[in-house]
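Colleague: Test case, fold it:
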Amino acid sequence: MAEEYLLANQPSELERLRLQSLVWEPSGRQLLANLDDGSDGRALDFGCGALGWLRILSEWVGPSGQVVGADIDESLLDAARSFLKAEGITNVELVADDLFDSKLEPHSFDLVHARYQIAPLGRGQEQVASYRRLVRPGGSVILEEWDLSSWHFNPSAPAAERLVSLISEIFGVLGGEAGRELPELLRTIGIEEPEIDARVIALKPGHPYLRLPIQFSVALESRLLDRLSRDELASLRTEAERELAEPGRWGTTFTLIQAWGKLEG
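Modeller: Residues are numbered from 1 along each chain as shown. Prediction:
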C-alpha cells in the first residue's frame, strides 16, 4: 500500500498532514456531534498520519473508550506518538497496518473513519469493503474526501492556480474528485441512505494553509516532472510563493465532502 499511495514516504508530508488535521478538526467535531454518544466505544482512524482524527476521536470515546490509529508509514506514526504524548492523550493506540492486508480484528470497531485515502489510492470499492470488514454490526463508517472545484485565490494567483490544476490532473488519474463518489461507495457496503455534508474554509491572508499547492508540489514532484521541466517547476513554485505572500490575498479551500452512515445491526 505504501508504494501505491500517491503521497507516501515524503518528508514534506509530516508538515502538511499536521496542518491539515488542525485546519479540519472543527469539521470533524461537528460531524461527531451528529452521532450517538461514543462513550466507552472503540474507534479506528485508518490512515491517521501525523494526527488525523486521533484527538477528536479520543474526546468522543472518552477516557474509558479506545481509539486505534493505523497507518502504513512508521515515520508518521512516530510523529503522532510524539503529539499524543505532548497532549497527554492516553486512550489512543497506534499500529502499523496495511488496509489491503489488515491484521486488525474484524468487526471490532464501533466507528471507522478514513480521510483523503480514496483519491490518492484510487481503489475505492476495495477500500470501503475493508472498512466494512472492521466495523461491528450497527457501527458507523465515516469517509471524507475532496472536491477541488472550490479551491481558489482572491485576487487570482495564476502560478498557484496552475499548481492546483496540475495537482488535479495527477489525482484525476487515480481517484479524481473522490468526494462526489462517497455516497455511492457507502451504498455498496449496505449503507442505503448515507448522510452527507460539505465544508469550505475561508483562509485569511497569511494563513499557512494557503500554501497547500506548494506543499503538494513538493510531495508530488516526481509526477510533476513528467509534465514540467525542473526549471519550470522551480519557477512556478517561486512565483506561487510570491503571490501567496502578497498582502490582502485570501483563499477558499477545496470542498471537504463528508459521508457517513450506520451498518445494519
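
Colleague: Now residue 258: closest residue in space, sequence neighbours ignored.
Modeller: Nearest residue to residue 258 in three dimensions, chain neighbours excluded: residue 197, at 4.6 Å (Cβ to Cβ, 6 or more residues apart in numbering). Glycine gets a C-beta too; all of them are placed from N, C-alpha and C.

Colleague: What residues of the helix or strand containing residue 234 count as buried?
Modeller: Element membership for residue 234, per DSSP states H and E: helix 230-245. For helix 230-245, the neighbour count (16 or more other Cβ atoms under 10 Å) marks 233, 236, 237, 239, 240, 243, 244 as buried.

Colleague: can you redo those residues as TSV with distance to residue 132?
Modeller: Formatted as TSV, the buried residues of helix 230-245 follow (distance: Cβ to Cβ, whole Å):
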residue	distance to residue 132
233	40
236	41
237	41
239	45
240	40
243	43
244	40
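
Colleague: closest to residue 37 among these?
Modeller: Distances from residue 37 to these, taken as Cβ to Cβ, are shortest for residue 244 (41.7 Å).

Colleague: May I have the secondary structure class of the closest residue to that closest one other than its chain neighbours?
Modeller: Computed as Cβ to Cβ, 6+ apart, the closest residue to residue 244 that is not its neighbour in sequence is residue 210, at 5.0 Å. Here residue 210 takes the helix state, with states given by DSSP: H, G, I helix; E, B strand; the rest coil.

Colleague: Counting neighbours, what do you get for residue 210?
Modeller: Using other Cβ atoms under 10 Å, residue 210 has 22 neighbouring residues.

Colleague: Now do the nearest residue to residue 192 once chain neighbours are set aside, the pLDDT please.
Modeller: Excluding its sequence neighbours, the residue lying closest to residue 192 (Cβ to Cβ, 6+ apart) is residue 261, at 7.9 Å. Looking at residue 261, its pLDDT reads 97.
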